[in-house]
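Q: got a predicted structure here, sequence first:
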Amino acid sequence: MGLGAMIMMQMRDPLDPEEDAVASDKMSNVDLLEAQLSNALDKEDYGEAAKLRDRLIQMRMDNTLGVLEGNSRFYRAFAKGDYRAMDDVWQDDNDFVSCAHPGMPLASGRDSVMSSWRDILANPPDIRIETPKVVMYGPNTACVTCEEHLLSGSNASMGPTAVGLATNIFVKSEQDGVWRIAHHHAGPIIPKKMRIEHNA
């Protein structure tokens, strides 16, 4: 639903309570606040607009923190080799999830994805993440990019033995509001230190 349609929804004549509840359920809280903010600005009600703006900022901050927590749960499960925790961080929809591990074909569907993790988590790497960045694509979808640093036990102090770049797509669950991963894609990159030395 576009912003114009949402604004018109806000300006329409009131519906009966049941019909109004169904209509508002179709709009996310963020979309609703954005429509109300636009409406307040159109009416030049700047005091109300400032309050709505602050609520939107807080809601977006809460969403970003929720996504980062979901990303942390994913990598904790990865590092600990915890299959049950890994199973919990993935979306439930079998047709909606996919995963591309380095050098492996795409795993599509929840069963295939979790089967791929069962094999990897049997012997988990020592993994650390760096530079996570969140981009929100609407109120219920987000993308996290980060570097995956794989360490070798005896040489951990020497830095990573391999570095990958990961893209993790998260979707907010309608049931419990928890951000869960729907897609993970990782591939090798040249470590930053080597890039700097190469360009020097």
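A: That came through fine. Not measured: the values here are computed from a predicted model.

Q: quick check: which element contains G47?
A: According to DSSP states H and E, G47 maps onto helix 46-80.

Q: ok now that helix, how far from the chain's centre?
A: Put simply, helix 46-80 sits 10 Å off its chain's centre (C-alpha atoms, centre = their mean, to the nearest Å).

Q: what's the next helix or strand after it packed up against?
A: On the C-terminal side of helix 46-80, the closest following helix or strand by DSSP H and E is helix 83-89. Helix 83-89 sits against helix 46-80, helix 110-121, with contacts defined as 3 or more C-beta pairs under 8 Å, 6 or more residues apart in numbering; DSSP states H and E. In short, each C-beta sits where N, CA and C put it, glycine included.

Q: circling back to that earlier point, between helix 110-121 and the helix holding G47, find me the angle.
A: With axes from the mean of the first three to the mean of the last three C-alpha atoms, to 10 degrees applied, the angle from helix 46-80 to helix 110-121 works out at 60 degrees.

Q: helix 46-80 - what's its average pLDDT?
A: Taken as a whole, helix 46-80 carries a mean pLDDT of 86.

Q: repeat that for stretch 116-129.
A: Rounded mean pLDDT across stretch 116-129 is 92.

Q: how long is that stretch from one end to the other?
A: Stretch 116-129 has an end-to-end distance of 21 Å (C-alpha to C-alpha, to the nearest Å).

Q: buried residues in it, which are they?
A: Neighbour counts over stretch 116-129 (16 or more other C-beta atoms under 10 Å) mark S116, W117, I120, L121, P124, P125, I127, I129 as buried.
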